[in-house]
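**Student:** take a look and give me a structure for this.
(2 chains)
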Amino acid sequence: DVQLDESGGGLVQPGGSLRLSCAASGFTFSRYEMNWVRQAPGKGLEWVSYISSSGSRVYYADSVRGRFTISRDNADNSLYLQMDSLRVEDTALYFCARVSSPNSYDISTTYYVPYPFDFWGQGSLVYVSS
Amino acid sequence: DIQMTQSPSTLSASVGDRVTMTCRASQNIRGWLAWYQQKPGKGPKLLMYEASKLISGVPSRFSGSGSGTEFTLTIKSLQADDFATYYCQYYKGYSAFGGGTKVEIK
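**Tutor:** Below is the predicted model:
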């Protein structure tokens, strides 16, 4: 069975850093694009970041660009989110999410077919407060 | 960046009702639109992709339509299990979610 297990969340002061991890199992991790999505308490979903299957291409939401870094270790079946210069408004439950189908083509090509997110972890809570 | 806007934000309905919610994109996203259902304390569940393709196992009372900038999700006959919050999502590398439509009991 596909499983995604986030860890690394916690309480941090504004300006601080945290590194979230997402351990993947039950599928060939290296073939799948991955994402981070967050949800502030009582609020809606906000996409945070995308990484290609090889890790060579990454995208960020405007709200986190320049402060967060997404990465992956395909040998270890792990996804990461390094969060620096944290702000109070970054307080949220952070989910890792898998793109539902492997892509044979890079996103920059006309042959790339987008897919939505089919499996989500249970989330890791990040609380930014002084 | 593409913005997604859902309406209404809350929808009050009864079991058996037909309900429709709308999702608008700030620019043409062709058909790269998914719908998710989320219940309190749980992660989102994928219902539909490419605007109208139902995920295996999702009841046929759910249907989607639209392309370009305007999309709808319809639940033909609302069941007790359908009271939840629904999100639309643009997906193609960059992604964006709508603000959600909460379907509550009337």
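
**Student:** of all residues in the chain, which one is nearest the centre?
**Tutor:** By default, I'm working from chain A. A:Trp36 (2.3 Å; CA atoms, centre = their mean).

**Student:** my question was about chain B, not that one.
**Tutor:** B:Trp35 (4.0 Å).

**Student:** do you know how far it is from A:Ser130?
**Tutor:** To A:Ser130, B:Trp35 is 39 Å away according to CB to CB, to the nearest Å. Glycine gets a C-beta too; all of them are placed from N, C-alpha and C.

**Student:** can you give me the pLDDT of A:Glu89?
**Tutor:** Looking at A:Glu89, its pLDDT is 98.

**Student:** residues near it, how many?
**Tutor:** The tally of other residues near A:Glu89 (other CB atoms under 10 Å in any protein chain shown) stands at 10.

**Student:** surely the residue nearest to the centre of chain B is in contact with B:Ala84?
**Tutor:** No: look at B:Trp35 against B:Ala84 with CB atoms under 8 Å: they stay out of range, at 11.4 Å.

**Student:** and for the closest residue to B:Ser12 other than its chain neighbours, the neighbour number?
**Tutor:** In space, and not counting its chain neighbours, B:Ser12 is closest to B:Lys106: 4.3 Å by CB to CB, 6 or more residues apart in numbering or on different chains. Other residues lying near B:Lys106 total 10 when counted by other CB under 10 Å.

**Student:** same thing with A:Leu86?
**Tutor:** A:Leu86 has 22 neighbours, counted by other CB under 10 Å.

**Student:** got a list of what the closest residue to it other than its chain neighbours touches?
**Tutor:** Closest residue in space to A:Leu86, ignoring its immediate chain neighbours: A:Val128 at 4.7 Å, by CB to CB, 6+ apart. Contact analysis of A:Val128 by CB atoms under 8 Å, 6 or more residues apart in numbering or on different chains lists A:Leu11, A:Val12, A:Gln13, A:Pro14, A:Gly16, A:Leu86, A:Arg87, A:Val88, A:Glu89, A:Asp90, A:Thr91.

**Student:** what values do phi and psi take at the last one?
**Tutor:** When quoted as degrees, to the nearest 10, the phi and psi of A:Thr91 stand at phi -60, psi 120.

**Student:** that one is in contact with A:Ser129, isn't it?
**Tutor:** Yes: if you go by CB under 8 Å, A:Thr91 and A:Ser129 touch, sitting 7.2 Å apart.

**Student:** so for those two, which residue has more residues nearby?
**Tutor:** More crowded of A:Thr91 and A:Ser129, by other CB under 10 Å: A:Thr91, with 17 against 10.

**Student:** now the more buried one: how far from A:Leu20?
**Tutor:** Distance from A:Thr91 to A:Leu20, by CB to CB: 14 Å.

**Student:** so what sits against both of these two?
**Tutor:** Common neighbours of A:Thr91 and A:Leu20 (CB under 8 Å, 6+ apart) are A:Val126.

**Student:** residues near A:Ser85, how many?
**Tutor:** 13.

**Student:** where does chain B come near chain A, residue by residue?
**Tutor:** Within reach of chain A by CB under 8 Å from any CB of the partner chain, chain B has these residues: B:1, B:32, B:34, B:36, B:38, B:43-44, B:46, B:49, B:55, B:85, B:87, B:89, B:91-100.

**Student:** filter those down to just the ones in helices.
**Tutor:** If you go by DSSP state H, these have nothing in helices.
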